[in-house]
Structure formats: C-alpha cells, structure tokens
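Student: need a 3D model of the sequence below.
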Amino acid sequence: KRFYLQYSFPPSCVGETGRVGTPGRREIGHGNLAERALIPGLPSEEDFPYSIRVESLVTESHGSSSMASVCGGSLALMDAGVPVKNPIAGIAMGMLLDDKGGVSDDDAIILSDILGTEDALGTM
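Tutor: Predicted structure coming up:
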C-alpha cells in the first residue's frame, strides 16, 4: 500500500473524555472513506515513486470530519509538493425521508453540507 490516511477522532473533539489509543470503528470507517476519496487524485507510481502518509487529527467536530479530512488532505498533499492530478474536496450529504408513511423517493429531501445538529436528529 503506497498511500495511507491516518484519521484520529479523539473524544475531546466533541467535548467528551475517554481513552485515546487503538483506533475504533469510527476512525477506521471515516479514515477509509477519506482515503478512498483522495486516491483518484494521486499521481502514478512512475511519476511519484514514494510512499505517502497523511495524518488527519480532528480537533473539533460539528459536521463531517471525514470530508474535512479530504479537503485538508488534498491541501496537505499539494503543500508537500506531491504532484496531484487535481484538487479534491469533500462535502457532507444527507437525506430526510417522511417517516410517517411509507418510504418513497417522492418525499425525499437531499441536504448538502450538513452540520452535526442536523445529523443528530437520527433521521439521516
């Protein structure tokens, strides 16, 4: 594996306390999501024959920290001199459905750039 994104989401970034150490389910899943988003912009191994590691340490969260990691990771790669194919940005998306009746595409509402308060409703 020549590219690795290390995603850290300590409890303090959401105002909680807890142990920090081995990555949990959230870090693995969100890190994988951000890593997969950045891979298409990486140069070929012939053009850039080096291993690449990006570290994303989330210090505050009120939205999509994994998509913030995509934006920050793309900027970090460019700042480090990696000849990326193109800049990459991430955006959080959500979908609200009318849960009173049957679930249907007709009543779906698509939200972009959602915040933590919108995601916390439990209907995303």
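Student: strands along the chain, start to end?
Tutor: Along the chain, counting by DSSP state E, strands occupy 3-8, 52-57, 93-96, 109-112.
Student: looking at those, which is nearest to Gly31?
Tutor: strand 3-8 (3.1 Å; CB to CB). Any C-beta I mention is one placed from the backbone N, CA and C, and that applies to glycine too.
Student: other SSEs contacting that closest one?
Tutor: helix 25-38, strand 52-57, helix 65-79 (3 or more CB pairs under 8 Å, 6 or more residues apart in numbering; DSSP states H and E).
Student: in a markdown table: these, plus distance to Phe3.
Tutor: Below are those laid out as a markdown table (distance: least, CB to CB, whole Å):
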| stretch | distance to Phe3 |
| --- | --- |
| helix 25-38 | 7 |
| strand 52-57 | 5 |
| helix 65-79 | 9 |
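Student: pick the most buried one from those.
Tutor: helix 65-79 (a mean of 19; mean count of other CB atoms under 10 Å).
Student: any idea of the angle that one forms with helix 25-38?
Tutor: Helix 65-79 and helix 25-38 are oriented at 50 degrees to each other (axes from the mean of the first three to the mean of the last three CA atoms, to 10 degrees).
Student: how far off centre is helix 65-79?
Tutor: Centre-to-centre, helix 65-79 and its host chain are 9 Å apart (CA atoms, centre = their mean, to the nearest Å).
Student: how much does that helix deviate in direction from strand 3-8?
Tutor: Between helix 65-79 and strand 3-8, the angle comes out at 130 degrees (the same axes, to 10 degrees).
Student: show residues contacting helix 65-79.
Tutor: 5, 7, 9, 13, 30-31, 33-34, 37-38, 41-42, 52, 54, 56, 58, 84, 87-92 (CB atoms under 8 Å, 6 or more residues apart in numbering).
Student: what do you get for stretch 18-29?
Tutor: Outside stretch 18-29, the residues that touch it by CB under 8 Å, 6+ apart are 7-11, 31.
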